[in-house]
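Colleague: predicted model, plus sequence, below.
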Amino acid sequence: MTPFQQRFTATPADIDELGHVNNAVWVRWIQDIAVAHWAAVAPADHVAAYVWVVTRHEIDYRGNLVAGESVAAETWVGDAPRGARFDRHVRFTGDDGRVKVEARTTWAMLERATGRLMRVTPEIAAPFRG
């Protein structure tokens with residue numbers, strides 16, 4: 001599976017009192033790349049019928065960014081879904097080649113119309129698995 005990629009650049013609004021990207025911004029970027037990946041590879045009828053919500057984040061912070069610095073982000077789905085859930089991996093690498101943040105997040109799929117959890121079928125998972 002080729003990871004889905006996107007770039008993020010830290011703006012002054014992303015910077016906390018310590019002078020680097022706030023942890024909440026990293027979480028937002030994790031969500032932004034996951035949503036962009038879904039929109040890029042899922043069929044339109046799946047995008048219209050389902051929505052994803054995060055049920056768990058596990059994040060390792062290994063470095064920082066200051067305003068104006070960028071990271072290359074990549075995300076992929078490694079393992080097969082478990083019922084309504086699957087784990088997504090995200091890695092942010094700075095222009096210096098160093099990993100700044102790595103995350104493993106668990107997402108659950110809901111039916112848009114009802115808000116109910118839905119099992120991730122092989123058909124839904126296929127665009128993310130290979």
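Modeller: Received it, and whenever you're ready, just let me know what you need.
Colleague: before we move on, which element is Trp38 in?
Modeller: In this structure, Trp38 sits in helix 23-41 according to DSSP states H and E.
Colleague: buried set for that helix?
Modeller: By neighbour count, and taking 16 or more other C-beta atoms under 10 Å as the criterion, the buried residues in helix 23-41 are Val25, Trp26, Val27, Trp29, Ile30, Gln31, Ile33, Ala34, His37, Trp38. C-betas here are computed from N, CA, C, even on glycine.
Colleague: any idea what the residue nearest to the last one when sequence neighbours are not counted is bridged to?
Modeller: Nearest-residue entry for Trp38: Trp52, 6.4 Å, with adjacent residues in sequence omitted and distances by C-beta to C-beta, 6 or more residues apart in numbering. For Trp52, the residues forming beta bridges with it (DSSP bridges) are Met109.
Colleague: what sits against Val120?
Modeller: Val120 makes contact with Pro81, Gly83, Ala84, Arg85, Phe86, Met109 under the criterion C-beta atoms under 8 Å, 6 or more residues apart in numbering.
Colleague: if you set the cut-off to 6 Å instead, what comes out?
Modeller: Neighbour list for Val120: Pro81, Phe86, Met109 [criterion: C-beta atoms under 6 Å, 6 or more residues apart in numbering].
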